[in-house]
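Trainee: Build me a structure from this.
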Amino acid sequence: MATSSTAPVRFLTGITTSGTPHLGNYVGSVRHSVRFSRQAHVQSFYFLADYHALIKVDEPARIQRSTLEIAATWLACGLDPERVTFYRQSDIVEIPELTWLLTCVTGKGMLNRAHAYKAQMDKNIARGEDPDADVSAGLFMYPVLMGADILLFNAHKVPVGRDQVQHIEMARDMAQRFNHLYGEHFTLPEAEIDDAVATLPGLDGRKMSKSYDNTIPLFTPRAQLQKLIAGIVTDSRAPGEPKDTEGSALFQIYQAFADGEETEALRKAYADGIGWGDAKQILFERIDREVAPMREHYDALLNDPAQIEQILLAGADKARALSRPFMAELRHAVGLRNLGAGSQGTARKAAKAARPSFKQYREKDGLFYFKLLDANGAQLIQSLGFASPQEAGRAIATLREQRGAGLTLIAAQLEPIDNAGMRTTTEALEALASEAANEKN
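Mentor: Numbering: from 1, shown residues only. Next up, the predicted model:
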């Protein structure tokens with residue numbers, strides 16, 4: 001699907017709703033993404049990946065709680081739902097539908113090479129078990145669901161860690177295969193890796209991860225935060241002995257929060273033999289200084305889950321204004337079409353004299369509008385007002401040239417229509433394009 005050179009770059013980020021957000025999530029994803037979303041040239045999509053959570057969590061209450069906590073975390077950290085598209089994955093019904101379309105063009109051999117699947121197989125083989133023991137179809141198909149997340153919104157960039165790059169490459173392969181079979185519909189996404197974004201060590205020095213049970217919850221109460229930081233593993237060097245910053249989990253965590261001057265001050269303190277207790281107190285105070293104001297907002301949001309629900313539903317409406325017309329285009333592309341809108345034979349000949357048409361006009365408010373009528377004169381779409389006829393004309397040109405994809409691009413300039421209307425409109429635009437092509441020939 002072609003994109004305008006002046007169009008904003010689309011970034012898409014998701015977090016699986018399988019646990020409580022921790023400092024590693026904040027430093028590695030949330031903080032950076034919130035800052036990035038404020039840039040003028042960026043169109044950002046943030047979602048709560050609750051379908052993905054079902055692959056590894058079978059506790060409904062845990063998924064619900066995690067969804068609430070992660071949503072509250074994004075909002076408390078400054079994500080503006082008016083500026084970005086912020087939604088819950090399971091509210092977008094087009095995602096599982098696209099997952100199936102992509103499943104039908106994805107080779108099993110490629111999925112056999114997925115890191116998560118291979119890692120589970122290797123564990124099973126090492127234990128002498130069947131290679132596919134405890135491997136669900138959900139785990140095996142995880143890359144396809146992730147591909148649908150990305151491709152449904154034609155994201156240009158997907159911020160990921162290096163361990164997730166393979167999934168972006170797989171999404172590109174799926175898009176290329178679909179485009180080859182059915183025409184150019186998908187943008188080929190690219191992995192966005194920022195090596196400046198830190199990967200935090202956990203309490204035991206390994207990567208901070210729920211899997212290792214070594215995390216520090218982002219918004220844990222102040223006293224508990226201090227207690228957890230006091231438990232970070234250090235070596236046995238006593239106060240007065242110089243200490244190495246290299247390999248020090250405590251120093252790495254501090255560096256992710258401190259500015260350059262603060263970092264150099266602690267580096268010098270290490271060389272001068274600061275005691276571990278004092279170093280941990282410095283770390284605690286630095287983290288709490290950044291987190292405390294957000295913690296208050298987070299707690300308020302947790303106490304008002306209905307507010308979060310309304311924000312997510314509003315975000316889903318915004319997301320589906322794009323996903324509905326695009327899915328109508330994809331359904332048409334693969335042959336899932338309205339049988340009453342015959343495309344050949346006598347039905348086409350009879351419709352030739354009376355075909356879909358655009359009507360452009362000016363209202364008493366001084367603005368310019370257009371509508372698309374079907375062959376019988378029934379209205380298919382109605383535009384909102386434009387300041388000039390040229391702007392309205394450009395919107396019509398977008399629809400003529402890009403059909404269903406054009407509906408996605410200018411959705412904000414049209415009155416809402418339902419799924420059936422999306423499909424009928426896409427078919428009408430396809431018919432106009434086909435007739436225009438035949439006339440050229």
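Trainee: Next SSE downstream of the worst-scoring helix or strand of the chain on mean pLDDT?
Mentor: None of the helices or strands of the chain scores lower by mean pLDDT, DSSP states H and E than helix 345-352, at a mean of 42. Next in sequence after helix 345-352, counting helices and strands by DSSP states H and E, comes strand 357-362.
Trainee: Between strand 357-362 and the helix or strand just after that next one, find me the angle.
Mentor: Following strand 357-362 in sequence order, the next helix or strand is strand 368-373 (DSSP H and E). In terms of direction (axes from the mean of the first three to the mean of the last three Cα atoms, to 10 degrees), strand 368-373 departs from strand 357-362 by 160 degrees.
Trainee: what packs against strand 368-373?
Mentor: strand 357-362, strand 379-382, helix 389-409, helix 419-440 (3 or more Cβ pairs under 8 Å, 6 or more residues apart in numbering; DSSP states H and E). In short, each C-beta sits where N, CA and C put it, glycine included.
Trainee: List the buried residues of the longest one.
Mentor: Think helix 419-440. 421-432 (16 or more other Cβ atoms under 10 Å).
Trainee: With the second one instead?
Mentor: For strand 379-382, the neighbour count (16+ other Cβ under 10 Å) marks 380-381 as buried.
Trainee: Same check on the third one?
Mentor: Neighbour-count burial for helix 389-409, counted by 16+ other Cβ under 10 Å, picks out 392, 395-396, 398-399, 402-409.
Trainee: for the first one, same thing?
Mentor: For strand 357-362, the neighbour count (16+ other Cβ under 10 Å) marks Phe358 as buried.
Trainee: one step back: so which of the buried residues of helix 389-409 comes closest to Ile417?
Mentor: Among the buried residues of helix 389-409, Leu407 lies closest to Ile417 (Cβ to Cβ), at 8.8 Å.
Trainee: Number of residues surrounding the closest residue in space to that closest one that isn't next to it in sequence?
Mentor: Counting by Cβ to Cβ, 6 or more residues apart in numbering, Leu407 lies nearest to Pro325, which is 3.6 Å off, once chain neighbours are set aside. Counted by other Cβ atoms under 10 Å, the residues lying close to Pro325 total 29.
Trainee: Contacts only, for Pro325.
Mentor: By Cβ atoms under 8 Å, 6 or more residues apart in numbering, Pro325 lies in contact with 404, 407-408, 411, 422, 425-426.
Trainee: Ala279 touches Leu250, doesn't it?
Mentor: Yes. With contact defined as Cβ atoms under 8 Å, Ala279 reaches Leu250; the gap is 5.8 Å.
Trainee: residue ranges with poor pLDDT in the stretch 201-350 of the chain?
Mentor: Along the stretch 201-350 of the chain, the model assigns pLDDT under 70 to residues 341-350.
Trainee: which stretches of it form helices?
Mentor: Using DSSP state H, counting those that start in this stretch, the helices of the stretch 201-350 of the chain run over 222-230, 249-257, 260-271, 276-302, 305-334, 345-352.
Trainee: To Leu145, which of those lies closest?
Mentor: helix 305-334 (14.7 Å).
Trainee: tilt between that closest one and helix 419-440?
Mentor: 30 degrees.
Trainee: sorry, back to before: of the buried residues of helix 419-440, closest to Ile15?
Mentor: Met422 (29.3 Å).
Trainee: which residues does that closest one contact?
Mentor: 324-325, 327-328, 404, 407.
Trainee: Format these as JSON lines; extra columns: distance to Leu313.
Mentor: Formatted as JSON lines, these follow (distance: Cβ to Cβ, whole Å):
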{"residue": "Arg324", "distance to Leu313": "15"}
{"residue": "Pro325", "distance to Leu313": "20"}
{"residue": "Met327", "distance to Leu313": "19"}
{"residue": "Ala328", "distance to Leu313": "22"}
{"residue": "Gly404", "distance to Leu313": "25"}
{"residue": "Leu407", "distance to Leu313": "22"}
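Trainee: Out of the buried residues of helix 389-409, flag the one nearest to Thr103.
Mentor: Looking across the buried residues of helix 389-409 and measuring by Cβ to Cβ, the closest to Thr103 is Gly404, at 21.0 Å.
Trainee: confidence score at the closest one?
Mentor: Per-residue pLDDT puts Gly404 at 82.
Trainee: Please report the distance of it from Gly147.
Mentor: 20 Å (Cβ to Cβ, to the nearest Å).
Trainee: ok, back up a step: closest to Asp365 among the contacts of Pro325?
Mentor: Nearest to Asp365, judged by Cβ to Cβ, of those is Ala411 at 21.7 Å.
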